[in-house]
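*Asks:* Predicted model and sequence follow; I will ask about them next.
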Amino acid sequence: MSIREIVLDTETTGLDRKVDRVIEIGCVELVDMMPTGKTFHQYINPQGQPVHKEAFRVHGLSDVFLSSKPTFRRIADRFLKFIDGAKLVIHNASFDIGMLNEELDRLGYEPLENEIVDTLELAKEKRPRGKHTLDALCSAFGVDNSRRTEHGALLDAELLAEVYVEMLGGRQFGMSLDLFAVQEEVIKPVIRQRPTPLASRVTAEDRAAHAAFVETLGKEAVWLDYREKETSEAA
């Protein structure tokens, strides 16, 4: 049975879940640890809650830019449909889930009940002495994050998806398929030469009868070529 996972990231106006709002959601679908190409990405109008200066420096999403985007109410059903039944993979999951559940609660929706994988906790298990930011994990696991000049929910979800797969052992594309192939042994037949050739079973009468038959085939008969070859070899 296939395992469907959604790698999810959000950007917000700030850090206070009771006051601040979700302003961007990015999701990447994985099935059996492979990206399917399906994503969910949406900028969201925070409905009058201004973006904190510290948050703006992180993601660059301004009040003016967000003012023309749909509200969370307008995108909630599409978002919930996209993540329905999937395991959610999130870095520092308690923050993102807390912010999303506050948005859902404002609309009278039930909190999210998806199974959660927190890659921050996973990273601490894998690299207890290392740094656990997304940039640090990209560096540690060889994931190219050169496009990440600012935080962005979809880009961060894409990078996190790569890091997540690598933390669990990677896809191991370098593993040779020959390891699983059936190795066929080629057996060459051993040709043994008799020390003394067997005597021919063709009698003189057989040869005479065949020669007479060939004469009846005309000058273009193929058998004449064989007879000339036998005569030259005998000479």
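*Replies:* That came through, no problem. Numbering: from 1, shown residues only.
*Asks:* How about the closest residue to residue 93 other than its chain neighbours: which residues does it bridge to?
*Replies:* Excluding its sequence neighbours, the residue lying closest to residue 93 (CB to CB, 6 or more residues apart in numbering) is residue 118, at 4.0 Å. C-beta here means a position set from N, CA and C on the backbone, and glycine is covered the same way. On DSSP bridges, the residues paired with residue 118 through beta bridges are residue 90.
*Asks:* residues contacting residue 118?
*Replies:* 90-94 (CB atoms under 8 Å, 6 or more residues apart in numbering).
*Asks:* Now with 10 Å, please.
*Replies:* 88-94, 96-97, 124 (CB atoms under 10 Å, 6 or more residues apart in numbering).
*Asks:* what's the closest of the residues you listed to residue 146?
*Replies:* Minimum distance to residue 146 across the contacts of residue 118 is 18.9 Å, recorded for residue 91 (CB to CB).
*Asks:* Could you measure from the residue lying farthest from the centre of the chain over to residue 216?
*Replies:* Of all residues in the chain, residue 205 has its C-alpha farthest from the mean position, at 76.7 Å, by CA atoms, centre = their mean. The gap separating residue 205 from residue 216 is 17 Å, by CB to CB, to the nearest Å.
*Asks:* Nearest the middle, which residue of this protein would you pick?
*Replies:* residue 34 (3.5 Å).
*Asks:* Just to check, that one is in contact with residue 165?
*Replies:* Yes: assessed by CB atoms under 10 Å, residue 34 is found in contact with residue 165 at 8.2 Å.
*Asks:* Please work out how many residues are found near the residue nearest to residue 73 when sequence neighbours are not counted.
*Replies:* For residue 73, ignoring the flanking residues on the chain, the nearest one in space by CB to CB, 6+ apart is residue 107 at 5.8 Å. Per other CB atoms under 10 Å, the neighbour tally for residue 107 reads 11.
*Asks:* Residue 28 now?
*Replies:* Other residues lying near residue 28 total 27 when counted by other CB under 10 Å.
*Asks:* Nice, that's everything, thank you.
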